[in-house]
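In: Quick one, what's the 3D model for this:
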Amino acid sequence: MVIDPTQNIDIWEFLKEVPDPEIPAINLVELGVIREVEKNDDELFITITPTYTGCPAKKLFEDLILEKLAEKGYKKVKIISKLNPAWTTDWLSDETRNKLLNEGISPPTIGDRIIVCPNCKSKNTKLLSQFGSTPCQSLYTCNECSEPFNYFKCH
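Out: Got it, this is the predicted structure:
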């Protein structure tokens, strides 16, 4: 039986307690990594889609999910990695994008065109490096407040 995330099911609530290890202000459900929860008798099947194929945090995602569910009494849990459809930043809700911005990370924008400074909200920003603190982020600076910040790349 596939469990719908829109239903008030404890398992989804437990999974919302699993933070993204790279951006702890958001959880793996908000990030869109956790795709499905299926329960078959006493076994859970959790389907995840990593943010990209070579995501270095994928193993940590799995370990954190298993640890949280074991803490809640679920001992038989199988993690299934599903790469199709590929994860996309389109799966991030407006609420999640706002959480990123409040955390000092500029959220993804369509086509990576307008990058907003999370500090002063200026759109007058400049790319410093394609690579930020994590592989899914770039490093920018604001031409208005002169502060550097990470931008969550579109994909």
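In: Just the CA atoms of the longest helix that the chain contains, as CSV, please.
Out: As assigned by DSSP state H, the longest helix anywhere in the chain is helix 58-71. Only the C-alpha atoms of helix 58-71 are listed here, as CSV (Å, rounded to 0.1, in the frame of the first residue of the first chain):
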residue,chain,number,x,y,z
LYS,A,58,22.8,10.1,-0.8
LYS,A,59,24.3,7.6,1.6
LEU,A,60,23.8,10.0,4.5
PHE,A,61,20.2,10.6,3.4
GLU,A,62,19.6,6.8,3.6
ASP,A,63,21.4,6.5,7.0
LEU,A,64,19.4,9.4,8.5
ILE,A,65,16.1,8.0,7.3
LEU,A,66,16.9,4.5,8.7
GLU,A,67,18.1,6.0,12.0
LYS,A,68,14.9,8.2,12.4
LEU,A,69,12.6,5.3,11.5
ALA,A,70,14.4,2.9,13.9
GLU,A,71,14.1,5.5,16.6
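In: who are the neighbours of that helix, in terms of helices and strands?
Out: helix 10-15, helix 28-31, strand 43-48, strand 77-81 (3 or more CB pairs under 8 Å, 6 or more residues apart in numbering; DSSP states H and E). For the C-beta atoms, the positions are set from N, CA and C on the backbone; glycine is no exception.
In: As CSV, the ones you listed with distance to residue 109 would be great.
Out: Formatted as CSV, the helices and strands packed on helix 58-71 follow (distance: least, CB to CB, whole Å):
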stretch, distance to residue 109
helix 10-15, 27
helix 28-31, 17
strand 43-48, 25
strand 77-81, 28
